[in-house]
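> Just to be clear, the model below is a prediction. Sequence and coordinates:
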Amino acid sequence: MNTGFNNKVALITGSAKGIGKSTAQIMADQGANIILTDIDKEALDKTYDEFHDKGYHVKKILVDLSHKEGVEQLINTTVEEFGRIDILVNNAGILLSSSIEDTTDKMIDLTIDINLKAVLYAIRAVTPIMKKQNYGRIVNLASITGKRGDNSTTFVYGSTKGAIITMTRSVARQLGPWGITCNAIAPHAVMTEMMNYWTDEKKQTMADKIPVKRLGTVEEMAQLISYLASDQAGFITGETININGGYYMD
Ligand code: NAD
């Protein structure tokens, strides 16, 4: 059994389902203490029960990350419970579809609050904790849209993901001296709940355009996130790694 995350404390936002859940599963399997956290109570309870039954070390925190208070409560509760935070995966996010002229103020605010501001608040709150530990791993979820722009989704989504890429570099530069790394991944075409708006026809068309001729899986995303969050990845920082079957390369 791989025990690479033994005794590490890992906080993964949006971990009730999708990429976040799969990441939590890998780290829990390798001995981490996992804080499952999400706004979706039903999914959170279900994932918690599943993990608990497997004997994983797991806590759950129901939270709405669209408010600063929610983010701070999440970090504070984790530290009260475990005394440290080794790994922060900023995974929670929303994606709304709209043309530019139909994008409402509410869509702009909510997307920025969850996809961008919550990440800034979370990183600010874990910084003194990780500095004190002289250790930390931060992994952010960017997107292909943060590099090449949105296609059919609202243009605020890609804006937040582009900001995540820049933020990842800033955090890497500023926190490196304390043994803290910060990286991001830029996925594309992974069929989670977020991507329900893709019809079967769209999935096929997209798969045909991807050099490896298929869509991605949550496990593939989770493996990369877990590697970046591991001790072995200590010399990688400030990077945003494409994971898209070769659809976009830079
Ligand atoms: P998902 O919808 O399955 O997971 C997102 C999770 O975030 C959900 O469990 C959701 O309940 C949670 N969440 C949403 N709003 C929240 C809030 N206010 N407070 C707390 N939790 C909240 O989607 P996913 O595909 O697993 O997405 C994970 C990350 O990957 C996102 O940041 C997304 O932008 C990014 N991403 C996904 C793809 C893809 O193809 N699926 C591509 C690029 C980037």
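Structure's in. What do you need? From a predicted model like this one, the values you see are computed outputs, not experimental measurements.
> Might one say that W198 is in contact with M191?
Yes: contact criterion Cβ atoms under 8 Å: W198 and M191 qualify, at 7.3 Å. Just so you know, the C-beta spots here come from the backbone N, C-alpha and C atoms, and that holds for glycine as well.
> so does the helix or strand where C182 lies get close to the ligand?
Assigned by DSSP states H and E, C182 falls within strand 180-187. Yes: judged by Cβ under 6 Å from any ligand atom, strand 180-187 comes into contact with the ligand through P187.
> For that strand, name the packing helices and strands.
helix 118-133, strand 136-141, helix 155-175, helix 218-228, strand 240-243 (3 or more Cβ pairs under 8 Å, 6 or more residues apart in numbering; DSSP states H and E).
> go again using 10 Å as the cut-off
strand 87-90, helix 118-133, strand 136-141, helix 145-148, helix 155-175, helix 218-228, strand 240-243 (3 or more Cβ pairs under 10 Å, 6 or more residues apart in numbering; DSSP states H and E).
> So the next helix or strand after that strand, near the ligand or not?
Next helix or strand after strand 180-187 toward the C-terminus (DSSP H and E): helix 200-209. No: if you take Cβ under 6 Å from any ligand atom as the test, helix 200-209 misses the ligand, and the best it gets is 10.1 Å.
> what is the mean pLDDT for helix 200-209?
For helix 200-209, mean pLDDT rounds to 95.
> what do you get for stretch 56-66?
98.
> ok, it near the ligand or not?
Yes: applying Cβ under 6 Å from any ligand atom, one finds stretch 56-66 in contact with the ligand at V63, D64, L65, S66.
> Name all residues that make contact with the first one.
What that stands for is V63. 13-14, 37-39, 44, 69-71, 73-74, 77, 92, 118 (Cβ atoms under 10 Å, 6 or more residues apart in numbering).
> how much space between the most centrally placed residue in the chain and the ligand?
The centroid of the chain falls nearest to N91 when counting by Cα atoms, centre = their mean (1.8 Å). Separation of N91 from the ligand (Cβ to the nearest ligand atom, to the nearest Å): 5 Å.
> ditto for L96
Relative to the ligand, and taking Cβ to the nearest ligand atom, L96 is found at 11 Å.
> Let me know how buried that residue is, in neighbour terms.
Close neighbours of L96, defined as other Cβ atoms under 10 Å, add up to 16.
> do Q174 as well
Close neighbours of Q174, defined as other Cβ under 10 Å, add up to 12.
> Could you double-check that it lies in contact with G136?
No: Q174 is not in contact with G136 according to Cβ atoms under 10 Å; the separation is 12.0 Å.
> Need the overlap of contacts for those two.
Here Q174 and G136 share the contacting residues T127, I180, C182, scored by Cβ under 10 Å, 6+ apart.
> quick one, phi/psi of the residue sitting furthest away from the middle of the chain?
Distance from the centre of the chain peaks at E101, with 28.8 Å (Cα atoms, centre = their mean). Here is the backbone geometry of E101 (degrees, to the nearest 10): phi -70, psi -20.
> and the gap between K106 and L96?
9 Å (Cβ to Cβ, to the nearest Å).
> Kindly apply the preceding question to I75 instead.
Distance from I75 to L96, by Cβ to Cβ: 27 Å.
> so how far is I112 from F155?
F155 is 12 Å from I112, by Cβ to Cβ.
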